[in-house]
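Trainee: Predicted model follows, preceded by the sequence.
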Amino acid sequence: MRSLNVVNESDETVRVALRVTAGSGEPEEISAETIELTPAGTGSGVDDDRAHVNGNWIKRADEYHVRAERGNERLELSATEIESRLDGSGWDGECADVTIVVGADGGLSARVVPSDAC
């Protein structure tokens, strides 16, 4: 995984809890944080409705698992799921840009695309 981002496309301020683990078997917690985002398009011009999440996944190749929670909503992406969403691109999970999306309806989804950095 090259990058991890969160974007809010809803008209509400949202809080998203993220947890990233690495490895198969007994996973190691790499990152855990809660991010607050303003409603889509209402920020002060500095993209307050989106956030880049820093972590060592940029430098360290591993099998990453991403879990996002918002209220009762939960989204989980395993390393296998991340790779399957890149199927046909010629890249593996190490070259994925992952964006967790809070949709207009408040639901969670994910966009996984090949990274421009690979």
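Mentor: Yep, it's here.

Trainee: from here on, contacts and neighbour counts on C-alpha atoms
Mentor: Fine.

Trainee: Mind jotting down where the strands sit in the protein?
Mentor: For the chain, the strands defined by DSSP state E cover 3-8, 14-22, 28-37, 50-53, 64-70, 73-77, 96-102, 108-114.

Trainee: Please name whichever of the ones you listed is nearest to residue 88.
Mentor: Between residue 88 and these, the shortest separation by CA to CA is 10.4 Å, and it involves strand 108-114.

Trainee: Next one: residue 78 from residue 11, what distance?
Mentor: 29 Å (CA to CA, to the nearest Å).

Trainee: Could you report the neighbour count for residue 50?
Mentor: For residue 50, the neighbour count with other CA atoms under 10 Å is 24.

Trainee: Kindly apply the preceding question to residue 92 instead.
Mentor: So residue 92, with other CA under 10 Å, has 18 neighbours.

Trainee: which one is it nearest to, not counting chain neighbours?
Mentor: Distances taken as CA to CA, 6 or more residues apart in numbering place residue 83 nearest to residue 92, at 5.5 Å, with adjacent residues excluded.

Trainee: And the one you found, how far from residue 94?
Mentor: 9 Å.

Trainee: just to revisit the earlier point, touching, the residue nearest to residue 92 and residue 95? I think so.
Mentor: No: taking CA atoms under 8 Å as the definition, residue 83 is not a contact partner of residue 95, at 9.2 Å.

Trainee: Okay, now the unreliable bits of the protein?
Mentor: By pLDDT under 70, the weakly predicted segments of the chain are 43-46.

Trainee: can the strands of the chain go into JSON lines with extra columns for distance to residue 88?
Mentor: As requested, the strands of the chain are exported to JSON lines (distance: least, CA to CA, whole Å):
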{"stretch": "strand 3-8", "distance to residue 88": "20"}
{"stretch": "strand 14-22", "distance to residue 88": "24"}
{"stretch": "strand 28-37", "distance to residue 88": "28"}
{"stretch": "strand 50-53", "distance to residue 88": "26"}
{"stretch": "strand 64-70", "distance to residue 88": "20"}
{"stretch": "strand 73-77", "distance to residue 88": "18"}
{"stretch": "strand 96-102", "distance to residue 88": "13"}
{"stretch": "strand 108-114", "distance to residue 88": "10"}
